[in-house]
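Chemist: What follows is a predicted protein model with its sequence.
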Amino acid sequence: MNETIMRLLMIAVVLGGALFIASGLIWLERRLLGLWQDRYGPNRVGPFGTFQVVADMIKVFTKEDWVPPFADKAVFVLAPAVIVATILMPFAVIPFAPAMQVINLNVGLLFFLAMSALGVYSVTLAGWSSASKYSLLGGLRAAAQMLSYEVFMGLSLVGVVLLSGSFSLGRIVEAQQGLWFCIPQFFGLVVFVIAGVAETHRLPFDLPEAESELVAGFHSEYSGMKFGMFFVGEYLGVTLVSAMITTLFFGGWMGPLLPPVVWFLLKTFFFICFFILLRASLPRPRYDQLMALGWKVMLPLSLMNIVITGGILLARG
Amino acid sequence: MISILRTIWKVFLHLFRKRVTIRYPEERPSLAPRWRGRIVLSRDPDGGERCVACYLCAVACPVDCISLQAAEDEAGRRYPSFFRINFSRCIFCGFCEEACPTYAIQLTPDFEMCEYMHRNLVHEKEDLLISGPGKYPEYSFYRVAGLAISGKDKGEAENESAPVDVKDLMP
């Protein structure tokens, strides 16, 4: 009984925390982008513009929630819910602190990969059900991009699994006691970060949206809170990938002095800022360049990483 | 690859730069002395209207936002009986100021003239006239022009010699 209540409480905390951070990112991203472009960003509503989130929410909720008459209605409505659900699920397996975890799956890593793979459905279905050419192009791009980067994302993590000998995220963090995996698995980290950016289709890999060519890509036809769901999904994705980078390569909750949760949040925050920095600094590649980078650079790199890691582990015995 | 990392680093360094934004209502922007803002009609040093209703500004105006009607007072001075500028059309090009032969119409460094209603942007002569001479404090058209008005006959203006008597044969 007590156990169940604790579990439910944990779910509420994680769910609330993830959504709180995701909505906070609306403000943080715009402020940081402003900072890196020598301007202010939202600074009018509330202290330092923090109530901008509330203002944006009110705006999104009062927008007309319109479903285009030519759209496939059921799928059109379902698509934005799918992305939020699939991205919220992996938060359940992330260890925020030694005992702070919704569920300690022994295949936590696989669960994360599976869920992020399911996210492809959302954008593809959104693009397809909108029945508009820009949305369809965006959806197609999203499908191709996310599926190919899914491959390297999985492969880049094999090194981590080899070193720690477990798919459980808690065990992976504990295996980094002496040395964080960012050093022995440096190439794995590079591939994972790039694949993570592509998975969340953030700039510079935001080709599914590509507002200069495709209006808004797969969510061109969306308005109101359905559009808001895609937005929240994107920010949740950024938070998730940052949390995963922290967990898999930077020792999760480990760190001196401060309590474990604080360390975890600090590291995650750092990578979120890094994601925003990428958006501030890099232009979008051409579509064939994106695919070429994936299959000609990332795939060999991650395969080589596996071979070398495996070789070293074998040689050590 | 190196160039990408260099780009990221360079953008990161902008963290320590000063921001260029001027937070407008609290901080005022510094406007250039020749800023072309709200149009005014100035007066000569004696306090009379400078405008002689020559229509040159209305002709020069590329968007036709100036309209006026010439009139003449008992002293023989021309003045506009009405003078209207439609600021919802005005593009602040300053051609009217250049065209004006009497320095009457002038553009000022003031841009805060928002209104909720379009028709409130139509400024009448009372709104346009200012109390002073504006940019050319000493200038007074009738003091230098050869035109005769009551109290100043031909040849009595500044730097003007007496008119030639065309019926006189003497050199």
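Modeler: Nice, I can see it. These numbers were taken from a predicted model, which means no experiment stands behind them.
Chemist: pLDDT of stretch B:24-33, averaged?
Modeler: Summarised as a single mean, pLDDT over stretch B:24-33 is 86.
Chemist: Buried residues in that stretch, which are they?
Modeler: Of all the residues in stretch B:24-33, not one is buried under the rule 16 or more other C-beta atoms under 10 Å in any protein chain shown. Glycine gets a C-beta too; all of them are placed from N, C-alpha and C.
Chemist: Can you list the neighbours in contact with it?
Modeler: B:22, B:37, B:109, B:111 (C-beta atoms under 8 Å, 6 or more residues apart in numbering or on different chains).
Chemist: Grab the two from those that are most spread out in space.
Modeler: Maximum pairwise distance in the contacts of stretch B:24-33, criterion C-beta to C-beta, is 16.6 Å, between B:22 and B:37.
Chemist: more neighbours, the two?
Modeler: Using other C-beta atoms under 10 Å in any protein chain shown as the criterion, residue B:22 and residue B:37 rank with residue B:37 on top: 14 against 10.
Chemist: State the helix or strand in which the more buried one lies.
Modeler: Per DSSP states H and E: residue B:37 is located in neither a helix nor a strand.
Chemist: Now do the same contact list for it.
Modeler: Per C-beta under 8 Å, 6+ apart, neighbours of residue B:37: B:31, B:92, B:107-111.
Chemist: Let me know the secondary structure of whichever residue of chain B sits closest to chain A.
Modeler: Of all residues in chain B, residue B:11 sits closest to chain A, at 3.6 Å by C-beta to the nearest C-beta. Here residue B:11 is recorded as helix under DSSP: H, G, I helix; E, B strand; the rest coil.
Chemist: Can you spell out which helices and strands pack onto the helix or strand harbouring residue B:58?
Modeler: Counting by DSSP H and E, the element that carries residue B:58 is helix B:56-60. With contacts taken as 3 or more C-beta pairs under 8 Å, 6 or more residues apart in numbering or on different chains; DSSP states H and E, helix B:56-60 sits against strand B:66-72, helix B:95-99.
Chemist: That one: which residues count as buried?
Modeler: So, applying 16+ other C-beta under 10 Å, buried residues of helix B:56-60: B:56-58, B:60.
Chemist: residues contacting residue 132?
Modeler: All of this is about chain A. A:68, A:70, A:220-221.
Chemist: my question was about chain B
Modeler: Going by C-beta under 8 Å, 6+ apart, residue B:132 touches B:42-43.
Chemist: Could you look up the SS state of it?
Modeler: coil.
Chemist: And the pLDDT for it?
Modeler: 87.
Chemist: rewinding a little: from the contacts of residue B:37, list the buried ones, please.
Modeler: Buried among the contacts of residue B:37 by 16+ other C-beta under 10 Å: B:107-108.
Chemist: Could you dump the contacts of residue B:37 into CSV with secondary structure added?
Modeler: CSV is the format used below for the contacts of residue B:37 (three-state DSSP):
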residue, secondary structure
B:31, coil
B:92, coil
B:107, strand
B:108, coil
B:109, coil
B:110, coil
B:111, coil
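Chemist: Which pair in the contacts of residue B:37 has the greatest spatial separation?
Modeler: Farthest pair in the contacts of residue B:37 (C-beta to C-beta) is B:31 and B:92. Separation: 12.5 Å.
Chemist: For residue B:148, grab the count of nearby residues.
Modeler: Neighbour count for residue B:148, taken as other C-beta under 10 Å: 15.
Chemist: leaving aside the residues next to it on the chain, what's closest to it?
Modeler: residue B:154 (4.8 Å; C-beta to C-beta, 6 or more residues apart in numbering or on different chains).
Chemist: Which of the helices or strands spans the one you found?
Modeler: Applying DSSP H and E, one finds residue B:154 in no helix or strand.
Chemist: and it, what pLDDT?
Modeler: Taking residue B:154 on its own, its pLDDT is 82.
Chemist: what do you get for the one 3 residues further on?
Modeler: Among the per-residue scores, residue B:157 shows a pLDDT of 81.
Chemist: is it true that it touches residue B:141?
Modeler: No. Under the criterion of C-beta atoms under 8 Å, residue B:157 makes no contact with residue B:141, lying 9.8 Å away.
Chemist: how many neighbours does whatever residue of the stretch 201-317 of chain A ends up closest to chain B have?
Modeler: Minimum separation of the stretch 201-317 of chain A from chain B (C-beta to the nearest C-beta) falls at residue A:281, amounting to 3.6 Å. Counted by other C-beta under 10 Å, the residues lying close to residue A:281 total 20.
Chemist: and it, what does it touch?
Modeler: A:36, B:7-8, B:10-12.
Chemist: which of those residues lies closest to residue A:305?
Modeler: Closest to residue A:305 out of the contacts of residue A:281 is residue B:8 (22.4 Å), distances taken as C-beta to C-beta.
Chemist: per-residue pLDDT, the closest one?
Modeler: Residue B:8 is given a pLDDT of 89.
Chemist: Ramachandran angles for residue A:263?
Modeler: Per-residue torsions, residue A:263: phi -60, psi -40 (degrees, to the nearest 10).
Chemist: For it, which non-adjacent residue is closest in space?
Modeler: residue A:255 (3.6 Å).
Chemist: about what we covered before: mind putting the contacts of residue B:37 in JSON lines, distance to residue A:163 included?
Modeler: Below are the contacts of residue B:37 laid out as JSON lines (distance: C-beta to C-beta, whole Å):
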{"residue": "B:31", "distance to residue A:163": "64"}
{"residue": "B:92", "distance to residue A:163": "68"}
{"residue": "B:107", "distance to residue A:163": "73"}
{"residue": "B:108", "distance to residue A:163": "73"}
{"residue": "B:109", "distance to residue A:163": "68"}
{"residue": "B:110", "distance to residue A:163": "69"}
{"residue": "B:111", "distance to residue A:163": "64"}
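Chemist: can you list the weak-confidence ranges in chain A?
Modeler: Within chain A, no range satisfies pLDDT under 70.
Chemist: which stretches of it form helices?
Modeler: A:2-36, A:52-62, A:73-88, A:108-129, A:133-164, A:169-175, A:186-199, A:211-214, A:224-249, A:260-281, A:287-292, A:299-316 (DSSP state H).
Chemist: Now tabulate those in a markdown table and tack on distance to residue B:102.
Modeler: Converted to a markdown table, those look like this (distance: least, C-beta to C-beta, whole Å):
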| stretch | distance to residue B:102 |
| --- | --- |
| helix A:2-36 | 49 |
| helix A:52-62 | 52 |
| helix A:73-88 | 66 |
| helix A:108-129 | 66 |
| helix A:133-164 | 59 |
| helix A:169-175 | 83 |
| helix A:186-199 | 66 |
| helix A:211-214 | 52 |
| helix A:224-249 | 59 |
| helix A:260-281 | 54 |
| helix A:287-292 | 64 |
| helix A:299-316 | 77 |
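Chemist: of all those helices, which lies closest to residue B:123?
Modeler: Short answer: helix A:52-62, nearest of the helices of chain A by C-beta to C-beta, at 35.5 Å.
Chemist: and that closest one with chain B, contact?
Modeler: No. Judged by C-beta under 8 Å from any C-beta of the partner chain, helix A:52-62 and chain B are separated, with a smallest distance of 15.5 Å.
Chemist: need the contact list for the residue nearest in space to the middle of chain B.
Modeler: Nearest to the geometric centre of chain B sits residue B:106, at 1.2 Å (C-alpha atoms, centre = their mean). Contacts of residue B:106 were listed using C-beta under 8 Å, 6+ apart, and they are B:39-42, B:97, B:100, B:134-135.
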